[in-house]
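*Asks:* coordinates only, sequence not included:
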């Protein structure tokens with residue numbers, strides 16, 4: 001029972017780790033896009049609209065970015081401030097990812113320990129049963 005619970009916990013933490021990594025990659029991509037837009041002469045970017053379709057659009061104000069702070073709250077920030085905010089978010093996500101990875105590692109150690117105990121108990125039961133059969 002404990003083995004199954006630990007396995008489920010490890011699976012949930014692994015999914016969380018994947019989501020954290022996805023958010024980190026999205027933040028890195030946003031930083032790269034903001035910086036590329038700052039370096040662009042014409043301010044034209046490709047805007048994905050779904051289904052693999054893109055629109056070529058001209059950004060009117062590439063000096064400011066709307067940044068989602070969470071809980072459906074977004075604020076307008078200067079591009080440099082938005083990059084700084086996203087870099088800070090990436091740092092926090094990396095720290096959180098390390099913490100979750102550590103928890104996964106700890107759970108995997110507990111799973112291995114329980115598996116060894118179960119195997120030892122199983123072997124002991126088999127030997128005991130073989131000893132009774134042989135007598």
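*Replies:* Done, it's in. Computed from a predicted structure; not experimentally measured. Numbering: from 1, shown residues only.
*Asks:* which helix or strand contains the residue nearest to the spatial centre of the chain?
*Replies:* Central residue of the chain (C-alpha atoms, centre = their mean): residue 20, 2.2 Å from the mean position. Taking DSSP states H and E as the criterion, residue 20 maps to helix 2-39.
*Asks:* by contact count, what packs against that helix?
*Replies:* Packed against helix 2-39, as judged by 3 or more C-beta pairs under 8 Å, 6 or more residues apart in numbering; DSSP states H and E, are the following elements: helix 79-134. (Each C-beta comes from the backbone N, C-alpha and C, glycine too.)
*Asks:* for the helix it packs on, the averaged confidence score.
*Replies:* Averaging pLDDT along helix 79-134 gives 90.
*Asks:* just stretch 25-43 next, same as before
*Replies:* 90.
*Asks:* residues contacting residue 69?
*Replies:* residue 75 (C-beta atoms under 8 Å, 6 or more residues apart in numbering).
*Asks:* would you say residue 62 is within a strand?
*Replies:* No. Counting by DSSP: H, G, I helix; E, B strand; the rest coil, residue 62 falls outside a strand, being coil.
*Asks:* which residues touch it?
*Replies:* Counting by C-beta under 8 Å, 6+ apart, residue 62 has contacts 37, 38, 40, 43, 79.
*Asks:* now, of those residues, which are buried?
*Replies:* Buried subset of these (neighbour count, 16 or more other C-beta atoms under 10 Å): 37, 79.
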